[in-house]
Structure formats: structure tokens, C-alpha cells
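Undergrad: I need the structure of the sequence given here:
(one chain, ligands or ions: 2)
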Amino acid sequence: MADLIESKDITKIYRSRGLAGSKHGFKAVDEVSVNIKKQSIFGLVGESGCGKTTFGRALMYLDPPTSGSVIFDDVPLGSLKPKELRRFRNRMQIVFQDPNSALDPKMSIYNSLSEGMVNLKIPKEQRDRKVNDLINLVGIGKAYLRRFPHELSGGQKQRIVIARALSMDPDFLVLDEPTSNLDVSIQAQIINLLIDLKNEFELTYLFISHDLNLVSYMCDEIAVMFKGRIVEQAETELLISEPSHPYTQKLFSSIPGGAQRIGVKSLNIGELGEKTIREPQKEEKSQAGCSYYSQCPMGDAECSLSAPFLRELSRGHVVSCHKIRTGK
Ligand SMILES: Nc1ncnc2c1ncn2[C@@H]1O[C@H](COP(=O)(O)OP(=O)(O)OP(=O)(O)O)[C@@H](O)[C@H]1O
Ligand SMILES: [Mg+2]
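TA: Numbers count the residues shown, from 1 in each chain. Ligands and ions are numbered 1, 2, ... in the order given. All right, here's what the predicted structure looks like:
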């Protein structure tokens, strides 16, 4: 299947002024290149603050990248004028983790679902038909159209947010931890709904999550992010059976109930070298070396001096670590 989206060296720098008035730049996303295949689910995992949401927003040009480019269905988003981009962006929608802040408390569910279509000047009759179809599609009764967000449960609100995203007939959804604010019993229902909708409408997803079990279950491919960079990426089965980067291994080994739950075979980080994980030292925070060096059980002088690049370990399996031999 061809790619729907290609990001080329996306970097996002947040600029702020320091106390002394000097300009500081914080690189939240650092030269990330990924290809997301049409009708696939691409997973993005990594610890809090590593840049997942920033990347998702940059990919949609909601918060355009500082450098790098995004090609969406052969269209470079950076080449679009603001008005064209706004229109084009209907093809890309985002679902955040908190449905409470996503819905306007003063808007009825009907108005929330039809708002985007009103902006597109779609005739009322057509809008009404679509709103009815959408609410039905996400498994909520039509009686709810007259209600307001506070009258709905968290799971129902997230269903409405998903329906609203679909009202724009998108090709691509960024799902940014869409179930992490919901009760565990509701999470599976929403995940199943998302999978059904993907199949029915031939959608493509970027699925951002902390939950490795969920990502392993949902995604065709997984990228692991650490401090704004992709450190490993592979098809799901390969990544969980042969996690190679020490950070990926640490992530998968921290799953409650053990890695076996998702079929990870080799996770013995001790086999990789030094067993103790060292506390970061001041001099280790130098920009030159590997960003994982200060926490890495395998790190040595080479790692402190130069940053590794992503290299191919096997077809489609890339990893950035000096200590992993690729045979190339
Ligand atoms: N608007 C902003 N201005 C300045 N810094 C920001 C801004 N938004 C995010 N950051 C910083 O960028 C880094 C990446 O944030 P981001 O929200 O993308 O991480 P994340 O991986 O999505 O985290 P989480 O898992 O907690 O949602 C963090 O250090 C964050 O503090
Ligand atoms: Mg986030």
C-alpha cells in the first residue's frame, strides 16, 4: 500500500524568553522522518514529554514544524496558502485524550456534530442526514442530539468527538491517547469502535499512546520516541519480538504483568552489558552524544561523543544505537 503521509526531518523548536531576556529554543521534536501507509495504524510511543503530541500537531500543520516537510497524499503541506491549508486540513482530524475539553459545554450534541458542516456551507437537509448517520455510527441514540455534554458519560463524549471528526470525511486521524481518560471497561469499546470505523471508511491512523499493550494490539507499525527523536521503528510483530534499542527494551520490560503478555521474547537488559543504570551526570548532558546515554546500560565513550543515526537492522526495522551491530 502506498504512503498517505510522509514526514521529512520534522523539527519543532519552542522558543521562549529566559529570565535574563535571552532567547532560548527547546527542540521538542528533532528531525523525525516517518512514512505512514494508507489505511494503516501507525503507533507512536514514548515517555511523557518526549514530543508525541508536538509531532502529531506538526504533522497536521496545526502547529507547523520549524523545519522539515510533510507530504500528505502527494501534497506538500508547506506549499499551501493558509486558506487552502484550512480546507485541506478537513482531511486530517485529531482526537485528544480528554473529551471534556474537546466539546463546548454550551453546545448541544447536534450543534457540535453539525458545526464543521455549517462552516462548509453544507445545506441543512444534508447536514441533518449526516448527523443522524454519524450518531448512529458511533452507537449513540438520536435522543442525545438535543442533549449537552454534561449529560453524557466520558465514553459517550469520546464517541461524539470521534463522530465530529468523521463529519469532515477525513482520510487521516491523529488519535492522541484517545482512551487514557476513560474507565478501563469503556476503553475496549472505544478501541473496537475505532477499528470498525477505520475498516469501514478506509481510514489511516496515527495512534499515540503510553499503553504498549494497546499499541501492540492496534498498530501495524510502531515508532518509539525518546527526547524528540525516533530511536526505533518496525512492524509491530518485529518490534515486540525483537526490541533492539535499550530504551525500547526498557519500555517493554516495564509492562505490568510482564512482557510475555504481548509476546515479547527477549527483554533481558542485563545481557546487554552493564547492569546498573547510572544517574545522569552533568557532563553527560552534552548535546553531542546519544540522548539516551545517561540512562543507558550499554553506553560508552563513543555514545557520549556522537549521536547515533537510524540504521536499518532488517527490512523496515530501524534503530539508532551505536552498540547494535547491523552488519552493514
Ligand atoms: N506550546 C509549548 N511551548 C513550549 N514548550 C512546549 C509546548 N508544548 C509542549 N512543550 C514541551 O515540549 C515537550 C514535548 O511535549 P509534548 O506535549 O509533545 O509531549 P508528549 O510526548 O505528548 O507528552 P505526554 O505523553 O505527556 O502527552 C515537553 O517538554 C513540553 O513541555
Ligand atoms: Mg501528549
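
Undergrad: Next, the buried residues of the top helix by length along the chain.
TA: Determined from DSSP state H, the single longest helix within the chain is helix 184-201. Neighbour-count burial for helix 184-201, with 16 or more other CB atoms under 10 Å as criterion, is recorded at I186, Q187, Q189, I190, I191, L193, L194, L197, K198. C-beta: built from backbone N, CA, C; applies to glycine.

Undergrad: The fifth one touches M218, doesn't it?
TA: Yes. I191 lies in contact with M218 (CB atoms under 8 Å); the separation is 6.7 Å.

Undergrad: I'd say F42 and I230 touch.
TA: No. Using CB under 8 Å, F42 is not in contact with I230; the gap is 11.4 Å.

Undergrad: Now for those two: what residues contact both?
TA: Here F42 and I230 have V34, A223 as joint contacts, going by CB atoms under 8 Å, 6 or more residues apart in numbering.

Undergrad: Can you tell me how far the closest residue to T179 other than its chain neighbours is from ligand 1?
TA: Of all residues not flanking T179 in the chain, Q187 sits nearest, at 4.1 Å (CB to CB, 6 or more residues apart in numbering). With the distance defined as CB to the nearest ligand atom, to the nearest Å, Q187 ends up 17 Å from ligand 1.

Undergrad: what does L85 give?
TA: 20 Å.

Undergrad: Which of the three states applies to G43?
TA: Look at G43: counting by DSSP: H, G, I helix; E, B strand; the rest coil, its state is strand.

Undergrad: Read off the pLDDT value for it.
TA: Per-residue pLDDT puts G43 at 98.

Undergrad: hey, what's the spatially most central residue of the chain bridged with?
TA: The C-alpha lying nearest the average C-alpha coordinate of the chain belongs to I208 (CA atoms, centre = their mean; 3.0 Å). Taking DSSP bridges as the rule, I208 bridges to L44, D176.

Undergrad: which ones are touching it?
TA: G43, L44, V45, K52, T53, G56, V174, L175, D176, E177.

Undergrad: ok, and which of those residues reach ligand 1?
TA: Counting by CB under 6 Å from any ligand atom, K52, T53 from the contacts of I208 sit close to ligand 1.

Undergrad: For the contacts of I208, pick the one with the most neighbours.
TA: L44 (29 neighbours; other CB atoms under 10 Å).

Undergrad: Test my guess that that one contacts G56.
TA: Yes. Counting by CB under 8 Å, G56 is a contact partner of L44 at 7.4 Å.

Undergrad: wait, what's in contact with C50?
TA: For C50, the contacting residues are M225, F226, K227, G228, by CB under 8 Å, 6+ apart.

Undergrad: The third one and ligand 1, how far apart?
TA: In this structure, K227 and ligand 1 are 9 Å apart, going by CB to the nearest ligand atom.

Undergrad: Quick one: residues contacting Y14.
TA: G25, F26, A28.

Undergrad: so of the residues you listed, which ones are in strands?
TA: In strands, defined here by DSSP state E, the members of the contacts of Y14 are G25, F26, A28.

Undergrad: Can you flag the buried ones in those?
TA: Looks like the ones in strands among the contacts of Y14 have A28 buried, using 16+ other CB under 10 Å.

Undergrad: Report the entries of the ones in strands among the contacts of Y14 that also contact ligand 1.
TA: Taking CB under 6 Å from any ligand atom, the overlap between the ones in strands among the contacts of Y14 and the neighbourhood of ligand 1 is F26, A28.

Undergrad: Closest one of the ones in strands among the contacts of Y14 to ligand 1?
TA: A28 (3.5 Å; CB to the nearest ligand atom).

Undergrad: how does this protein divide into domains?
TA: Per automatic domain parsing, the structural domains of the chain span 3-225, 228-319.

Undergrad: quick one: low-confidence parts of the stretch 1-150 of the chain?
TA: 17-23 (pLDDT under 70).

Undergrad: redo that, cut-off 80
TA: Along the stretch 1-150 of the chain, the parts satisfying pLDDT under 80 run over 16-24.

Undergrad: Show me where it has its helices.
TA: Using DSSP state H, counting those that start in this stretch, the helices of the stretch 1-150 of the chain run over 52-59, 82-88, 99-102, 109-119, 124-137.

Undergrad: just the ones you listed: most buried one?
TA: Each of the helices of the stretch 1-150 of the chain was scored by mean neighbour count; the highest is helix 52-59, a mean of 23, by mean count of other CB atoms under 10 Å.

Undergrad: For L203, list the residues it contacts.
TA: Q39, P170, D171, F172, L173, L197.

Undergrad: re the thing from before, find the residues that touch each one of L44 and G56.
TA: With the criterion set as CB under 8 Å, 6+ apart, the overlap between the contacts of L44 and G56 is L206, I208.

Undergrad: Tell me how many other residues surround the nearest residue to E31 once chain neighbours are set aside.
TA: Residue nearest to E31 in three dimensions, not counting chain neighbours: D9, with 4.6 Å by CB to CB, 6+ apart. Using other CB under 10 Å, D9 has 12 other residues around it.
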